[in-house]
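J.: Kindly generate the corresponding structure for this input.
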Amino acid sequence: MRNNPNIIRYKSEDFPGIVQKALDIEEMTLANGLRAVFYKTDKIPSVCVNMTYHVGSKDDGEKSGIAHLFEHLMFEGSPNVPHGEFDAILHDLGGDSNAFTSWDVTSYYITIPSNALEVALWLDSDRLAGFAVTKEMLEIQQDVVAEERKYVFDNTPYGSVEEESNLRLFKTSGYRNSILGNMAILKKLKIEDIKNHFEKYYAPNNAVIALAGSFDMEEAKALVEKYYGNIPVGKPFTRQEFKEYDIVEEIKDTIYDNIQLPAKFIYYRVPEQGTKDYYALQILSSILSKGESSLLYKKLVYDLTLANDVDTSVTGMEQTSIFGINAISLKGRNLDIIGAAIDETLEEIRNGNIKDEEIQKVKNKIETRTALRKSSIVSLAENLSNDKLLFDDANRINTEIYNFLSITKQDIIDAANKYLKKNQRVVLDYLPK
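T.: Here you go, the predicted model:
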């Protein structure tokens, strides 16, 4: 993505009337390729350490769910930290940790009092320095993930929709993979599979570490060098090129689920995050459903009393994105009528029926949201590592707001006409069993 010519990069100079306080960010790269990003703030006596690896479920291949499973295993023990001690050490110091897996990355963070930063870096680096997963650890976490999947699919209304939609949106790329994985395959994964995954992707030259919070800058840099500098460089590998078939006619299916209310889900494949069309569609998503006065919410919930709730979203990814619309029906309402009302609204957008004040209202909200995002050290560290990893631009946390502000009414209309077409989508009707 970092060399993608479609990525837009506006700066504060392009918007002299807009005031957004820029964060002072420092960076360094170790000899083994690990990129490190630092943001120092003394507002709270804590620091967040985020380590993000450039591997996600799109890289699972035939080992369904292995990226997410390995996320679990990273907390089970490392060469110098026995099983169960990782969380215990953090807890005793007043810290905590967590992680997540997306299609593109696996991200880990530790939040800890500033005076224990060295402990956090030792704990995290020890996980990267050597493979310590045992057969028993693997079997335990395979069962944990199986329960997690069961909860999502069996106990969460419409819980299967992400997996069901992606299987139809994507046919050849790794974005069709389920993050949680196929249990029949996941349960058969062996220690050798896990070790191969670790050795291929868990290398300093395939990762970014970000520190945000209260710390001494020079000391922090020295500690990163101390704990990560001697970890060997990973072997080079070739990433799968993104190739997908064109959706040329609507794909529609009905799914019966353990739900009370029917729902309609509509998905479009749209451009990757960072592109002009991505930002235009993000703004359109907010205009359509964010707030009770938004176009789709007002129309379906209040004016036509067809839906209990309406939402739209843009799921940004490294090589593509997904524009989603969902409407939870009121009891007894017809999903086809709901779909027709959604299509009518989208057609109005494509024809240019969108108000300048609606666009400005969303931009104002984005400015506020951007400022708030900078107030959390967890959010800061995550964004710094993610932006450096995927865009090679840690300063993007200061400049992305201007990409949003650059979007015009015509940009939104053009993006809607290009991507939000009936013949380029997946439609799923969820009905009670």
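
J.: Now do Lys200: how many residues are near it, please.
T.: Number of residues near Lys200 (other C-beta atoms under 10 Å) recorded here: 14. C-beta coordinates here come from the backbone N, C-alpha and C atoms, glycine included.

J.: Which strand or helix spans it?
T.: helix 191-201 (DSSP states H and E).

J.: I'd like the next helix or strand past the lengthiest helix in the chain.
T.: In terms of residue count, the longest helix belonging to the chain (DSSP state H) is helix 135-155. Using DSSP H and E, the helix or strand that follows helix 135-155 in sequence is helix 161-169.

J.: what mean pLDDT would you report for that next one?
T.: For helix 161-169, the mean pLDDT works out to 97.

J.: thought Gln141 was touching Leu73?
T.: Yes - here Gln141 reaches Leu73: they are 5.5 Å apart, a contact under C-beta atoms under 8 Å.

J.: Can you report phi and psi for Arg239?
T.: phi -80, psi 150 (degrees, to the nearest 10).

J.: can you count the residues close to it?
T.: Other residues near Arg239 number 12, with proximity taken as other C-beta under 10 Å.

J.: Check the gap between it and Thr134 for me.
T.: 30 Å (C-beta to C-beta, to the nearest Å).

J.: Point out where the stretch 1-150 of the chain drops to low pLDDT.
T.: Scanning the stretch 1-150 of the chain with the threshold set as pLDDT under 70 gives 1-3, 8, 10-20.

J.: Now the nearest residue to Met137 once chain neighbours are set aside: which helix or strand?
T.: The shortest distance from Met137 to any non-neighbouring residue, by C-beta to C-beta, 6 or more residues apart in numbering, is to Glu76 (4.4 Å). For Glu76, there is no host helix or strand (DSSP H and E).

J.: tell me the contacts of Glu76?
T.: Residues near Glu76 by C-beta atoms under 8 Å, 6 or more residues apart in numbering: His83, Phe86, Ala132, Val133, Met137, Ile140, Gln141.

J.: Then Lys252?
T.: For Lys252, the contacting residues are Val426, Val427, Leu428, Asp429, by C-beta under 8 Å, 6+ apart.

J.: One more: Leu90?
T.: Listed by C-beta under 8 Å, 6+ apart, the contact set of Leu90 reads Asp96, Ser97, Ile110, Ile112, Ala120, Leu123.

J.: Need the max-distance pair from these.
T.: Using C-beta to C-beta, the pair of the contacts of Leu90 lying farthest apart is Asp96 and Leu123, separated by 12.1 Å.

J.: got any residues that touch both of those two?
T.: With C-beta under 8 Å, 6+ apart as the test, Asp96 and Leu123 both reach Leu90, Ile110.

J.: quick one, phi/psi of the spatially most central residue of the chain?
T.: Centroid-nearest residue in the chain: Ser102, 5.5 Å away (criterion: C-alpha atoms, centre = their mean). Here the main-chain torsion angles of Ser102 (degrees, to the nearest 10) amount to phi -120, psi -170.

J.: What about the nearest residue to it once chain neighbours are set aside, how many residues nearby?
T.: Distances taken as C-beta to C-beta, 6+ apart put Gly56 closest to Ser102, at 5.1 Å, once the chain neighbours are dropped. Neighbour count for Gly56, taken as other C-beta under 10 Å: 25.

J.: Can you give me the domain assignment for this structure?
T.: According to automatic domain parsing, the chain comprises the domains 25-228, 251-432.

J.: Do I have it right that Ser385 meets Leu211?
T.: No - counting by C-beta under 8 Å, Ser385 does not reach Leu211; the two are 9.5 Å apart.

J.: joint contacts of these two?
T.: With C-beta under 8 Å, 6+ apart, Ser385 and Leu211 have common neighbours Val37, Asn50.

J.: From Asp411, how far out is the nearest residue to Asn6 once chain neighbours are set aside?
T.: Leaving aside its chain neighbours, Asn6 sits nearest to Thr275 (4.6 Å; criterion: C-beta to C-beta, 6+ apart). In this view, Thr275 and Asp411 are 11 Å apart by C-beta to C-beta.

J.: For those two, indicate the residue with more neighbours.
T.: Set side by side, Thr275 and Asp411 show more neighbours around Thr275, with 21 against 18, by other C-beta under 10 Å.

J.: so what's the residue lying closest to Ile283 once chain neighbours are set aside up against?
T.: Once flanking residues are discounted, Ile283 sits nearest to Val362: 5.1 Å by C-beta to C-beta, 6+ apart. The contact partners of Val362, by C-beta under 8 Å, 6+ apart, come to Ile283, Ser286, Ile287, Lys290.

J.: Tally up the residues packed near Asn182, please.
T.: 16.

J.: The closest residue to it other than its chain neighbours: neighbouring residues, count only.
T.: Once flanking residues are discounted, Asn182 sits nearest to Ser64: 4.1 Å by C-beta to C-beta, 6+ apart. Ser64: 22 surrounding residues under other C-beta under 10 Å.
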